[in-house]
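Undergrad: Test case, fold it:
(4 chains, ligands or ions: 6)
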Amino acid sequence: MYDTLTPSQARDMLSAVAQHLVANVDMLTEVDQAIGDGDHGIGMRRGFAAVEEAMATIDPESVSKVFKAAGTTIMAKTGGAAGAVFGTLFRAGSAALEGRPALDAEGLAGFLLLGLEGVEKRGGAQPGQKTMIDALAPASVAAEAAIASGLVVAVRNATDAAKAGVEATKGMIATTGKARTLGERSLGHPDPGAVSMSLILEAMRDYIAA
Amino acid sequence: MYDTLTPSQARDMLSAVAQHLVANVDMLTEVDQAIGDGDHGIGMRRGFAAVEEAMATIDPESVSKVFKAAGTTIMAKTGGAAGAVFGTLFRAGSAALEGRPALDAEGLAGFLLLGLEGVEKRGGAQPGQKTMIDALAPASVAAEAAIASGLVVAVRNATDAAKAGVEATKGMIATTGKARTLGERSLGHPDPGAVSMSLILEAMRDYIAA
Amino acid sequence: MGKPKKLLNNPVEVVSELIDGLVAACGGDLYRLDGRNAVVRTHIANDKVALLIGGGSGHEPMFPGFVGSNLADGAPCGEVFAAPTPDLIVDTLSAIERGRGVLMVYGNYAGDNMNFDIAAELAEEAGIVTRTVRVWDDVAAAPPERMTDRRGIAGDFFVIKVAGGAAAELDNLDEVYRVAIKARDNTRSMGVALAAGSIPETGERTFELPEDEIEIGMGAHGEPGIARRKITDADAIAEEMTNLILADLPFSAGDEVALLVNNLGATTCMEMLIVSRKVHQLLQQRGIVIHRTDVGSFLTCQEMAGLSITLMKLDAELKHYLDMPARSFAYSRA
Amino acid sequence: MGKPKKLLNNPVEVVSELIDGLVAACGGDLYRLDGRNAVVRTHIANDKVALLIGGGSGHEPMFPGFVGSNLADGAPCGEVFAAPTPDLIVDTLSAIERGRGVLMVYGNYAGDNMNFDIAAELAEEAGIVTRTVRVWDDVAAAPPERMTDRRGIAGDFFVIKVAGGAAAELDNLDEVYRVAIKARDNTRSMGVALAAGSIPETGERTFELPEDEIEIGMGAHGEPGIARRKITDADAIAEEMTNLILADLPFSAGDEVALLVNNLGATTCMEMLIVSRKVHQLLQQRGIVIHRTDVGSFLTCQEMAGLSITLMKLDAELKHYLDMPARSFAYSRA
Ligand SMILES: Nc1ncnc2c1ncn2[C@@H]1O[C@H](COP(=O)(O)OP(=O)(O)O)[C@@H](O)[C@H]1O
Ligand SMILES: Nc1ncnc2c1ncn2[C@@H]1O[C@H](COP(=O)(O)OP(=O)(O)O)[C@@H](O)[C@H]1O
Ligand SMILES: [Mg+2]
Ligand SMILES: [Mg+2]
Ligand SMILES: [Mg+2]
Ligand SMILES: [Mg+2]
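TA: Ligands and ions are numbered 1, 2, ... in the order given. Predicted structure coming up:
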């Protein structure tokens, strides 16, 4: 159980995040087959397998550097909507960590908030359009609200909120991304990117809680 | 039961032949699917449906004219190997009927013999190569041998010989036509054109025996 | 249906291998960017406005097959059905840029938009001026009021052909941009799918269609269209699609158009011609003149069975650029 | 597998309808012969040696797609997989003949041979001189000693391209014949099938292949090849096919060749390029120079999945005619 993470612990956490995503590739692909073009899993594998490699060699000078490096790697290796979105999440979010010696609850909340703003600006989507934003936005709110309770609680609450967000996407009609023309047929299926977002937080939570 | 056919009876017989072929289209297609390109039935339908039409309007001046008209129609409407082969059979074979006021056993045998020579010359195939020649050649021999017994017997023996020829093609390896590269895989299947040849004789036999 | 059988080696390497094949087939006209998944023309005139096209792979010969003379100058190629990454786009931009800026033409998808936008920002930092034209020709994807929600499908063909001609002749990025936008805004498409394609890396089909059903308006990755129904005859389907296209721009009597009938993958040339024949009949009845017709496989979705119909309304300028000679892997015209 | 879904109207009318589509797409370059199933060039130079090509339909864009400038002058089209009838061939001969005789180029099949031979005899009676070149490029069909038992497959492409050029430039039928024979004798092909095509009129597939098997050497109507086996990777299959082709002519180090990778119908462009890449690698290792490469759907077997590889060994004369510009529905070169 960590209440703050050093830069090298942050690095190890992102490595664990990467492994978790890679372990769930088939499930992510299936989710994208239902309402997208069926490649979300293999895209995330390209990006996060590369993150794992990058974390293995990076010099963990600072948490912001570690997060930014993960974002740059995702952006360069994933491709597709997911590459831009999750690359932006980590790159834009890392700005919140600049100058911080360690990752704490405030840092986590800042990361999620700036990450969310970055993603919204990048792709122009808003909550309710059945994207990863629908997991990220509630997670950001939950983390913010739990700053006073410390990192363990903040990341746990953020993860729970993200999962509830994934559930909520089942009831949404997609209006962006490749599911956009499904109309009502997208109902009942979760958004693949939202699932990935909740997996990222889940892996962070498990690392921090360990 | 006819021992000779007048020109208009010959015309009616060819009309019956045409109907018999058209009635067996699906079977012929199946036979060609096994060792050819699966179009023999639809090709024979094009040709013999047109023969039926042609017989309905032709002026039956002579048996040779009736047979030649059938051949010309087959040639013009069928296409593929079958069009050339069965067109040639009737056109070349009709030469044996020239100057004959009626179709008798000698005429039938002459038709089959000149038809066979025409087909062999046209396509260069010989008995044993798994073609309609393997039904036509024994039919020609059988009709020749039965001339003295009259038309009814001649056509019955020719039909039986053709059917035996069809059976014999099952044991042959194709060396011409689209089944040529099947090698041993053509064994066990009859040749589609040989089946058609036996159907033609069968319908003649039934008309003459009626 | 079982998984589709394909002639592949390592499914993770398909894009790299197809680029090698394409470059080899073009005998020196193209080169591959430093072993990466992008193709670039060997001879790009100095001082030329450059044209970059690109997107996810799996739609071959789109996009790399349209890099060539009087067409595009370079194409970054993403993985199958995934937009290329910003760094690959930027490196391709740098390789083709000749001092007059670069026009980027690509299909309007969230992934492409974001990755190309990021690339444009990075390029700007590096001193490369870019303009962007997103192709959104798919009438089935959204109503006209939400034009920017429409996907880019085979209309890419016309926009690239016109933009390629303009980029070869005009020496000003803004002018090339203006012409390309005009081509885009005059282009409308509609697709129909009969059977799904598949993703090589998973071997899975991108959607499932019952044995006797078709989907009108399906997108180039298998995104849903406007109606799923029992298959009817070719003429009825062609008429339905054509009417939707004509009503949308709208096209009217006296208009002159270019027609493209594009194969989504596995449809026979025979079917393409039968449909093209019907579109000709319909347009003739409406008094719309077809200036030229292209029929072929230009933007595919792997082995998807189906086709799309595209019309571009012409004026003298569009006609000029459309009719210019061109030479590339996918398209040559004397 | 169920019957294939297709965009058709009356299946008995497919040939007629596809010809209408083709003629419409060619915007005046071709016309249809009196409502019959044959296409003819609108402008055939006076005093030109004429080139007639043809065969059964179902292989589109072969043959009518190769009627055009510096290519063929006319093509009678049989029903699906059935040679055209003699009278249709004769009428097409009459329409394209310009006093210097007609070269007929077609694939070596019993049905075609007989029908074109009958037509040649009828034409001779009508005072039209013809010469015949039967294409027999399929290495899989028979050993070299029985060359005339081989089928014509995608090698038609090269023979037609060369003969078309020669017929446009040379004013003597015997010379055109000599050049076409040289093209034919220097051309070798090999196909592989992954899944069957079907006949529109019956809706039946022309053969059955188990889900995980391919057939090496399969013919363009689904005629059997030399081996049925489990599918392996693209490179191994390409290498096996290429080796069989190279050994047959034989092709050797220092030779210059043209390469065609032809799609039998439903194979993706991606796979075609991957295979083409491998053939380039193999030929480079052998010291054989590829002068040019064509990759596309030129002789199909409806929606059959698979491809063929064709090599033509070049000399200066063949290269000259191969490289000439050309324009037709199926093939244009600047
Ligand atoms: N504009 C956007 N803003 C935020 N997320 C988006 C946007 N567009 C798409 N996404 C996310 O990307 C996911 C799809 O990723 P992926 O399948 O890898 O990309 P692609 O759509 O290019 O195939 C969607 O499930 C959605 O969560
Ligand atoms: N050279 C030949 N001589 C005699 N008959 C032949 C010859 N070649 C083919 N045939 C006959 O033609 C039949 C095939 O006819 P069909 O299927 O209509 O033509 P295709 O082979 O053009 O598809 C064969 O079964 C065979 O009997
Ligand atoms: Mg996706
Ligand atoms: Mg047949
Ligand atoms: Mg994708
Ligand atoms: Mg046939």
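Undergrad: The stretch 51-200 of chain C: helices as residue ranges?
TA: With helices called from DSSP state H, counting those that start in this stretch, the stretch 51-200 of chain C shows them at C:86-96, C:110-125, C:156-169, C:173-185.
Undergrad: Check chain A too.
TA: Remark: helices assigned in chain A by DSSP state H are A:7-23, A:25-35, A:40-57, A:63-77, A:80-94, A:105-123, A:133-145, A:151-169, A:192-209.
Undergrad: Among the helices of the stretch 51-200 of chain C, which comes closest to residue A:128?
TA: helix C:110-125 (15.6 Å; CB to CB). Backbone N, C-alpha and C define where each C-beta goes, glycine included.
Undergrad: touching chain A at all, that closest one?
TA: Yes: judged by CB under 8 Å from any CB of the partner chain, helix C:110-125 comes into contact with chain A at C:110, C:111, C:113, C:114, C:115, C:117, C:118.
Undergrad: Flag every buried residue along that helix.
TA: By 16 or more other CB atoms under 10 Å in any protein chain shown, the buried positions in helix C:110-125 come out as C:110-120, C:122-123.
Undergrad: next one: stretch C:20-32
TA: C:20, C:21, C:22, C:23, C:24, C:25, C:26, C:29, C:30, C:32.
Undergrad: quick one: the second one is in a strand?
TA: The one in question is residue C:21. No: applying DSSP: H, G, I helix; E, B strand; the rest coil, one finds residue C:21 to be helix, outside a strand.
Undergrad: So it is in contact with residue D:275, correct?
TA: Yes: applying CB atoms under 8 Å, one finds residue C:21 in contact with residue D:275, separated by 7.4 Å.
Undergrad: circling back to that earlier point, adding distance to ligand 5, write the helices of chain A out as JSON lines.
TA: As requested, those are exported to JSON lines (distance: least, CB to the ion, whole Å):
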{"stretch": "helix A:7-23", "distance to ligand 5": "16"}
{"stretch": "helix A:25-35", "distance to ligand 5": "8"}
{"stretch": "helix A:40-57", "distance to ligand 5": "7"}
{"stretch": "helix A:63-77", "distance to ligand 5": "15"}
{"stretch": "helix A:80-94", "distance to ligand 5": "4"}
{"stretch": "helix A:105-123", "distance to ligand 5": "14"}
{"stretch": "helix A:133-145", "distance to ligand 5": "18"}
{"stretch": "helix A:151-169", "distance to ligand 5": "18"}
{"stretch": "helix A:192-209", "distance to ligand 5": "10"}
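Undergrad: Quick one: closest of the helices of the stretch 51-200 of chain C to residue B:167.
TA: helix C:156-169 (57.5 Å).
Undergrad: Taking the stretch 101-250 of chain C, what residue is nearest to ligand 2?
TA: residue C:234 (25.3 Å; CB to the nearest ligand atom).
Undergrad: Without its sequence neighbours, what residue ends up closest to that residue?
TA: Distance criterion CB to CB, 6 or more residues apart in numbering or on different chains; nearest residue to residue C:234, sequence neighbours excluded, is residue D:7 at 4.1 Å.
Undergrad: same thing with residue C:142?
TA: residue C:149 (3.8 Å).
Undergrad: Number of residues surrounding that neighbour?
TA: 16 (other CB atoms under 10 Å in any protein chain shown).
Undergrad: Quick check: residue C:311 touching residue C:258?
TA: Yes: at 7.1 Å, residue C:311 counts as touching residue C:258 under the criterion of CB under 8 Å.
Undergrad: So which of those two has more stuff around it?
TA: residue C:311 (28 against 25).
Undergrad: how about the nearest residue to that one once chain neighbours are set aside, secondary structure?
TA: Leaving aside its chain neighbours, residue C:311 sits nearest to residue C:257 (4.8 Å; criterion: CB to CB, 6+ apart). Per three-state DSSP, the secondary structure class of residue C:257 is strand.
Undergrad: Please report the distance of residue C:257 from ligand 4.
TA: Counting by CB to the ion, to the nearest Å, the gap from residue C:257 to ligand 4 is 42 Å.
Undergrad: now do residue A:180
TA: If you go by CB to the ion, the gap between residue A:180 and ligand 4 works out to 49 Å.
Undergrad: from what I can see that residue touches residue C:140, true?
TA: No: judged on CB under 8 Å, residue A:180 makes no contact with residue C:140 at a distance of 11.5 Å.
Undergrad: what sits against the residue in chain C that ligand 3 sits nearest to?
TA: Nearest residue of chain C to ligand 3 (CB to the ion) works out as residue C:81 at 6.4 Å. Contact analysis of residue C:81 by CB atoms under 8 Å, 6 or more residues apart in numbering or on different chains lists A:37, A:38, A:39, A:80, C:56, C:57, C:58, C:199, C:206, C:221.
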